[in-house]
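In: pasting the sequence and the predicted model now:
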Amino acid sequence: MEFPAALFPSYFGVGPPQEEGGPAPVAGWGEHGQVLEGGPGRRQVQPAFVPRRGATGERWEAADAAAVPLLLPRAGCWIPSPTPQDILYHSGLCRKLRAGKSGATLDFARQLGHFFVDHPEDAFGSLGRLLHKNFYLGNSKLQVIVSRSSTIRMTALVEDIDRLEARRGCPRQHLASRLRWFSHLCRDWLFEVPLGLLADCLHEELMQQWSNLLFDDSLTGGALAWLPPEDGGTPVGCLVHPGGQAMNHLYFQDVVLEELPHTRGSPAQFELSGRIQQVAAARVDGQDFVGVRSDYHCGVWRVLGKRAAAPTPLQVIRTDVPASCLTVSPHLPGELSVCTQSGTVYLWSVETGLQQLRHDPQTMFFRDHSPWRWCDFTAHPRVLSCADRTGLQCLDARAPKRCHFDLFKVGKEAGCQQGERVVLPMYLGRAHPSQYLVTTQFSVYVLDERLPLVPVLKWEHMMKAPPLFAHLMPGKPGRSHKMLLGASRTQELLLLQYRDIFWGVSSGGSQSACQLAGTPQKLHSIAGCLQHLPTQLPHRHHLLQQRLTAPAAGLAATLQEDGLHKSMLIFQLSEAGDVFCQRLTHKAAQPPAPPSRDEATTAPGSSPLFEAPASSPKGLGAAALRYRRWLRALSRVCKESPRHTWPPSLSQRRLFTRRDLEGLAGPSSLQRQMRQRLRQIMEKGGRIQHWEPLALQPSPLPQTLEPAGGLDPLSARLTAAWAGDWEQWWEERTSFSVAQRQQALRERRRRQKRARGRRSLSASFTSSLTYQSELSELSDTGPSLFSPGRPPILSQERSPPAGSPPVHSPTTSAAPDEALLSSQSLRCRGIPKERRKTLRDYLSVWAEGPPEPPEPPASQVSQLCIPSSQSQLSSASQPRRKRPRMGF
Amino acid sequence: SSNEHKLNFKKSKEACLSYIQDALLQKQWKRAAEFLACYVEALEKDYSREPIGPSEMIWRIGTEILWHHSQSSMKEFNCFMEQMKTLGVKRYLKVCLEHVFHLLCNGQIDEAYQNLSLAESWRFGEQTAIQDKEMKLVQAYRGLLDYCSWSKQKNILLEQGEDGFSDLAVEQEMHGYFRKAAVNLKEIIKMPGVWDIFVKCYVDLLEFYGDHKEARQVLNEYAYNSKFPANPNAHVYLYQFLKRQREPKKSLISALKILHDIVPSHELMIDFNTMLQKSKKRKKRRLGLEVIFAALDYAGWKENAKAWSCLARQMKQIVTSEKHLDWIKQEWSSRKDWWPAFHFSRYLAKRNWQENENLSYEKALVAGILLGKGCKYFKYVSHQGCKAQLKRFRMLKKFVNKHNPVYLRISG
């Protein structure tokens, strides 16, 4: 490639950046920068000038109103990353006090508190077990003289702590002496892990989390790669993306490029041992090489161009410090470059292994605290570029110590601002063999390695978050190169065009200086589709919003040309593992049309995505259907957290007299066992599906208890201790007489008999479980998704006309209080028969508001329904679903 | 309270700005213009100390909208720019320059010239360093336009001269343009920077009037002053000047040698190689081999048939004469671990053969010499060539077979 015959004029200076600046909201507009004389012929009457910025570019327009999901959500719910609210200390008083000071306060104490509560075993395990008898948490006075001498009443202490919590942030707070005394006494020995050590670790982790929240650079480069189809082959490419709950599964998914791209077949899948941070790919000699980086492992896969064979993993390396960069060589097959946070750069060849090129924990040009490093390839296959936050240096792999030169420096050379730092460097070899992209939080630079330090193009991108992802789509000779910039936290996506040939091949194709063409263009973000989606229940909306606004994690794109029709497909990956895509179509140069259509239709609130546009009746169905399937799959996969669907809890104290409830006084052994089992399962975080069969088994405990009388005290005690009932055994032994015990035994057997009938309890429990899942199924398919107020355009065959009960709902009862109301459960609570109806009526009133007529005619019901799409309860109040409860 | 009011005002200002930004990024110029009309109120209470105040924002946004708005005209644009110039003293020169750039890009050279003259005469208190630089740029661009007028007059005169008729008035006008251009251009190229067009124009002026000494000095300064960036064009201009001056080969070679040292992948390296190959000195021919090998290291040269033929020619020479095989051996030793995969893979053989037969011939010759007759690239191309019954490929096969022992000596 020839070097441009003349470059745009610019001043050159050396030294630290002088311009004071900071994020400027509109700094990139309205400037030509410089102009350059040049033209097809020098003998023209008038000299022609071209600007550095502001030349006309190609026109690309979004085909849809929003990005469309490409993949259905996979099983396993996404765990949202922490938010500032989780980590920061916030209280009104505190904020006022600290208003003057800058900087956030980490809520260290709360986190430590969470740890103590969530992991008591790890925090106080052994001493807690030893001492738990000596702490008394009740409200009443200690009565037994024996225990008084060896037991502390903790209530006062807890009250003190509460009071302290309330006074948090008070400048004149004094610790209660009791607390001080207590902590002084036990700080050194109470904790399983020494408190200082634990606090250090926690604090370190908190700081780490907080800095990640401010700016997470581990995602630099993005974890999405597109392997384009072979030239002239079928339009089937391959999307390489991470997935799974921990984002540790690597998928190679074939994607057919059609009007709306869709997946083909099931993906090749690999489970990795760490969260995938970056996926990089390059095509050499017709083969795709895919590099995958997680914190401590990097791997490389090969995908053959033919795509018939599955991708083959080639090699994996492990690093001691987290790797911060992995790039694949566009020149030589099986060659990659790896960078670790400590500043070590390796050239990694699948055949010959690792070659260390550089080890320097210091940053290159000035001191910067960030351990982030990056490396990439250049036009020379043996020369690699290394970057840190302060700039870029190129070094020759054959003599890395001797041969190197500076490519980019944050300083006056490139006209940087103070505080500007390198965010993402990228080799633009596919567009021009010697060009390089460098993005900072303020600007994008295009560099030519033949003229180091002086950017051939500079533009202030005005993005709200630093661009962590970039994707280049080289243009054919004479056309502009398209560049996409993506930010993580804000999901921003910007399309730029630049070119380095502007006199067309026909007139000699003179190589010219790089210029920015057209205006930058904002593309749809994933979260942008939220406004087009149908109204949801508030909590569902919240979940959806949380999912859709998850930070972006990768970016890929491809240009597609068939004949005159050119389009661009852009894929965006979110941290939740969703891949959304959007299509831009190329509009041939035409006189600027009077107010374009999109200006009129993009007013917030309107949703052209779901309303049938008169122009394209076909296009609507595809995108909207895709959304509908995605939403349904999402709620199926991501079971809402139980607190949203639990039946409301009621205090029974006011409803029943004490005697009514007395039947429940002592928990039976079966109940105790169940509780124990529940606790165990909850500790394990498992499910309670095994409840039923286990509960049905004749529990071993009562049986062993009966002959217990014949055992010697030691083995009885051991048996009891084994079963976990040691305390009760002791109580029985000490305070109960033999007669009492016999009676207790008889009583227990009686209860046990009654418990046989309790399979109905568990039955009602499981039914309430299925009811939940059915409910969410229902809401997926039912009209609650698409508000009845709106014409049900999505699929006529599925959703019935508004007003009539959904025909496909197999669920029998959908009132949330079902479990509470079943008479079995009421009986189990010892509620006398005559009161059960009262209670049921009361609860149904509570749940639904207006008292219901015993058997309302269907026509009335639809009027009784809550008119809008607000709640699922509206469907619940339809008579068909209620019948089984009535008939019970 | 007034404080609250101020805060609210600030908030709505920010909101308005974000709407504008959004509209601009979606190319909704009309919508942006409507919002901008509201934003102008922000000027009323401009307490901000931010680096970019509302007046600059209005300038930038307004300019961008007027560039693209379907109903804007040049007259409106000029009017807007005039207003913007009066909005901020510090920015006056910058706005002037941008205005001029826009006029230039739209072919309104005379208006641009007037604006530049006006800007040049502008004085306001003491100039800051940035204003100083901007003023120099204003002068330089005026010099450039003067140069354009000069060259127009020159062409007229040359055409008239062919007719054997000369106009004294035109000639004097031309000399006037020369003086004005030379003064201004001379100033800016003293400052460190990238001044390709200014240098070119200035040198052209000087050469026309026969001041070769000054021209050479300017070019030398531009190329070799360490305060300037390592601009390959500076060396190219010097080389072209020397060539025009019919300087001896030696000085041409030394100029290109420096260019080779800073940009081994420059397209002039082919000229350099041919020049060196022709040389009688062994050292120079050796350098020529080095130069062409180094150029072919770069990805941009991968499919450059001219470069491959240069290399093939020189290697053929060396192999047939069987002298200086050690040159090849030395060049090859640092490349043998990656050139085969980079240049001589079977995939490339197929592609080169399909796309450019000439290129594949030259490459096959080099591959055959460097890697022997068993090399995949050579085997594929010579096989295809023989199949297609092309004579030179048969010759190629014969040549490589004959000189196969060379390969052993090179790789050994």
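Out: Structure's in. What do you need? The model shown is predicted, which means the values in this text are computed figures rather than measured ones.

In: wait, doesn't A:Gln417 sit right on A:Glu19?
Out: Yes: A:Gln417 lies in contact with A:Glu19 (Cβ atoms under 8 Å); the separation is 4.8 Å. Every residue, glycine included, has its C-beta placed from N, CA and C.

In: neighbour count for the two, which is higher?
Out: A:Gln417 (21 against 12; other Cβ atoms under 10 Å in any protein chain shown).

In: give me every residue that touches that one.
Out: The contact partners of A:Gln417, taken as Cβ atoms under 8 Å, 6 or more residues apart in numbering or on different chains, are A:17, A:19-22, A:442.

In: for those, give me CSV that also has secondary structure, distance to chain B and pLDDT.
Out: Below are the contacts of A:Gln417 laid out as CSV (DSSP: H, G, I helix; E, B strand; the rest coil; distance: Cβ to the nearest Cβ, whole Å; pLDDT from 0 to 100):
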residue, secondary structure, distance to chain B, pLDDT
A:Pro17, coil, 13, 88
A:Glu19, strand, 8, 79
A:Glu20, coil, 6, 78
A:Gly21, coil, 5, 72
A:Gly22, coil, 7, 69
A:Phe442, coil, 11, 92
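
In: looking at these, which is nearest B:Lys278?
Out: The shortest approach to B:Lys278 among the contacts of A:Gln417 belongs to A:Pro17, at 48.6 Å (Cβ to Cβ).

In: can you read off the pLDDT for the residue in the stretch 201-350 of chain A positioned nearest to chain B?
Out: Closest approach between the stretch 201-350 of chain A and chain B, counting by Cβ to the nearest Cβ: A:Asp285, at 3.9 Å. At A:Asp285, the model reports a pLDDT of 89.

In: where does the residue lying closest to it once chain neighbours are set aside land in three-state SS?
Out: Excluding its sequence neighbours, the residue lying closest to A:Asp285 (Cβ to Cβ, 6 or more residues apart in numbering or on different chains) is B:Tyr347, at 3.9 Å. Following DSSP: H, G, I helix; E, B strand; the rest coil, B:Tyr347 is assigned to helix.

In: before we move on, the earlier item: need the contacts of A:Gln417 in a markdown table with distance to A:Gly475, can you?
Out: Formatted as a markdown table, the contacts of A:Gln417 follow (distance: Cβ to Cβ, whole Å):
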| residue | distance to A:Gly475 |
| --- | --- |
| A:Pro17 | 32 |
| A:Glu19 | 32 |
| A:Glu20 | 37 |
| A:Gly21 | 32 |
| A:Gly22 | 34 |
| A:Phe442 | 26 |
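
In: what mean pLDDT would you report for the strand or helix carrying B:Ala341?
Out: Taking DSSP states H and E as the criterion, B:Ala341 maps to helix B:339-343. For helix B:339-343, mean pLDDT is 94.

In: what about it, distance to the chain center?
Out: 30 Å (Cα atoms, centre = their mean, to the nearest Å).

In: buried sites along that helix?
Out: B:339-343 (16 or more other Cβ atoms under 10 Å in any protein chain shown).

In: what helices and strands are in contact with the lengthiest helix in chain B?
Out: If you go by DSSP state H, chain B has its longest helix at helix B:129-162. Helices and strands touching helix B:129-162, by 3 or more Cβ pairs under 8 Å, 6 or more residues apart in numbering or on different chains; DSSP states H and E, are helix B:92-105, helix B:109-120, helix B:168-188, helix B:196-208.

In: 10 Å instead?
Out: For helix B:129-162, the elements it packs on are strand A:10-11, strand A:35-37, strand A:49-51, helix B:92-105, helix B:109-120, helix B:168-188, strand B:193-194, helix B:196-208, judged by 3 or more Cβ pairs under 10 Å, 6 or more residues apart in numbering or on different chains; DSSP states H and E.
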